[in-house]
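Asker: attaching a predicted model along with its sequence, questions to come.
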Amino acid sequence: MPNTAEQSRERFTNFTPYEMKKGEDYMSAEMLQHFKGLLLNWKQELMEEVDRTMHHMQEDAANYADPSDRATQEEEFSLELRTRDRERKLIKKIDQTVDRIDKDDYGFCDQCGVEIGIRRLEARPTATLCIDCKTLAEIRERQTGI
Ligand SMILES: [Zn+2]
């Protein structure tokens, strides 16, 4: 069974890129609406995915009687649980982002205040940092991290 949801888990690609009108302000009401719609569709997709995983696990649980099968199954389950945990965190982040859109506080870097940019936001709708600050944060993380 091909898993098309696999790619969509961490990213959402099922949308039409926003075309900025001549003279349109960055993060106009229409643009905010575009991102809100995108985020809500993404959330919907993730929630369906979580649902599918849960059903899948419930069905599988009933199907194994052999203890060695169960061991393999437990590994699969813990993997699925981790995936679900990631999805839940992502959904929470999407909620927070939608909240920021509603408060008209979206699209600008939390660190330096510049415009994050439409294309970057379409690739990462939950981004709160511009590409420069993000890169810097990642370098710092690598230096101080494990
Ligand atoms: Zn920045």
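Answerer: Done, it's in.
Asker: mind giving me the domain split of the protein?
Answerer: Using the TED database, the domain ranges for the chain come out as 26-106, 108-145.
Asker: in terms of mean pLDDT, which of the ones you listed ranks lowest?
Answerer: Mean pLDDT across those is lowest at domain 26-106; the value there is a mean of 88.
Asker: any idea how far that domain is from the middle of the chain?
Answerer: Counting by C-alpha atoms, centre = their mean, to the nearest Å, domain 26-106 is centred 8 Å from the centre of its parent chain.
Asker: neighbouring contacts of the helix or strand hosting Ile139?
Answerer: Assigned by DSSP states H and E, Ile139 belongs to helix 131-144. Helix 131-144 has contacts (C-beta atoms under 8 Å, 6 or more residues apart in numbering) with Cys109, Asp110, Gln111, Cys112, Ile116, Gly117, Arg120, Ala127, Leu129. (C-beta placed from N, C-alpha, C; glycine too.)
Asker: can I get the residues you listed in a markdown table with secondary structure and distance to Gln44?
Answerer: Converted to a markdown table, the contacts of helix 131-144 look like this (DSSP: H, G, I helix; E, B strand; the rest coil; distance: C-beta to C-beta, whole Å):
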| residue | secondary structure | distance to Gln44 |
| --- | --- | --- |
| Cys109 | coil | 28 |
| Asp110 | coil | 26 |
| Gln111 | coil | 30 |
| Cys112 | coil | 32 |
| Ile116 | coil | 23 |
| Gly117 | coil | 25 |
| Arg120 | helix | 23 |
| Ala127 | coil | 20 |
| Leu129 | coil | 26 |
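Asker: all set, thanks.
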